[in-house]
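**Student:** Here is my input, please return the structure:
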Amino acid sequence: MVRLVGKHDSRNSMKMKRRKSQVKKKARLKRQKLERKAASGHGAKKAAPKKSAKAAAAAAPATESAPPTTPSGSAQS
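**Tutor:** Numbers count the residues shown, from 1 in each chain. This next block holds a predicted model:
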């Protein structure tokens, strides 16, 4: 005889009721989490793709626009 499992298991003991309700609760929470995630991301911008380490290192020195200064505060020439 093949044993029924999960929601098809018709045993009605308190132990089975607890186990089934736990499964339903987890499924409900997972579904609600996905719904909230989809709803919050509806109008949001997508994240920009991450740059590689080489590209980030190459871009960093180019962003400095001020010339280096001496400890006294005057610009070097």
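**Student:** Kindly provide the distance from residue 34 to residue 72.
**Tutor:** Noted for residue 34: a distance of 60 Å to residue 72, by CB to CB, to the nearest Å. No exception for glycine: its C-beta is placed from N, CA and C like everyone else's.
**Student:** low-scoring stretches of the chain, by residue?
**Tutor:** Filtered on pLDDT under 70, the chain yields the residue ranges 6, 42-49, 51-68, 73-77.
**Student:** Considering it, which helix comprises the largest number of residues?
**Tutor:** helix 14-40 (DSSP state H).
**Student:** What residues sit buried inside that one?
**Tutor:** Of all the residues in helix 14-40, not one is buried under the rule 16 or more other CB atoms under 10 Å.
**Student:** counting contacts, what elements does it pack onto?
**Tutor:** Packing contacts for helix 14-40, counted by 3 or more CB pairs under 8 Å, 6 or more residues apart in numbering; DSSP states H and E, involve no helix or strand.
**Student:** from now on call the first residue 584
**Tutor:** I'll keep to 584 as the first residue from here, and by that count the last item is helix 597-623.
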